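Peer 1: Model the structure of this input:
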Amino acid sequence: MKTCPECGDKIVGRIDKKFCSDACRNSYNNRINKDSKNLIRNTNNRLRKNYRILEELNPDQKTKTSRAKLIEKGFDFNYFTSIYTTKAGTVYYFVYDQGYLPLEGDYFALVKREN
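Peer 2: Purely as a prediction, here's the structure:
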């Protein structure tokens, strides 16, 4: 007789059934994946916030803004999804399709990548 790995009750039903109920299965998987899910959730939340800030400051697909304005809105420069380097060596940082290019004097060019 098999027992549920979450609560220890006996399992009734199909021979390959691993848990006694959906609640035990969910509880077990949530407990096992808790640490990695928090990291992923926090990273995705920061990326989402950065994306919204870039999207808000760049409604016309191309503009210029200051570092102070980005920081004031809560932008975190440590979180981006990709880096694009042009043939000339210019480095753009992207959060999905919204990007920024560091310019001289604490200014940034904001761009939107076209499909």
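
Peer 1: Every contact and neighbour count from this point should use C-alpha atoms.
Peer 2: Fine.

Peer 1: Which of the helices and strands in the chain ranks last by mean pLDDT?
Peer 2: Every helix and strand of the chain was ranked by mean pLDDT, DSSP states H and E. The lowest is helix 22-57, at a mean of 90.

Peer 1: buried sites along that helix?
Peer 2: Under the neighbour-count criterion of 16 or more other Cα atoms under 10 Å, helix 22-57 has 24-25, 28, 46-47, 49-55, 57 buried.

Peer 1: Okay, the residue nearest to Phe75 when sequence neighbours are not counted and Tyr84: tell me how far apart.
Peer 2: Nearest residue to Phe75 in three dimensions, chain neighbours excluded: Asn50, at 5.4 Å (Cα to Cα, 6 or more residues apart in numbering). Asn50 is 17 Å from Tyr84, where distance means Cα to Cα, to the nearest Å.

Peer 1: for Thr63, same thing?
Peer 2: 18 Å.

Peer 1: Same check on Ala68?
Peer 2: In terms of Cα to Cα, Ala68 sits 23 Å off from Tyr84.

Peer 1: Repeat that for Arg48.
Peer 2: Per Cα to Cα, Arg48 is found 19 Å from Tyr84.

Peer 1: Equivalent analysis for Glu114, please.
Peer 2: Separation of Glu114 from Tyr84 (Cα to Cα) stands at 13 Å.

Peer 1: who has more neighbours, these two?
Peer 2: Between Glu114 and Tyr84, counted using other Cα atoms under 10 Å, Tyr84 has the larger neighbour count: 13 against 7.

Peer 1: Which residues are in contact with the closest residue to the more buried one other than its chain neighbours?
Peer 2: The shortest distance from Tyr84 to any non-neighbouring residue, by Cα to Cα, 6+ apart, is to Tyr92 (5.1 Å). The contact partners of Tyr92, by Cα atoms under 8 Å, 6 or more residues apart in numbering, come to Ile83, Tyr84, Thr85, Gly99, Tyr100, Leu101, Pro102.
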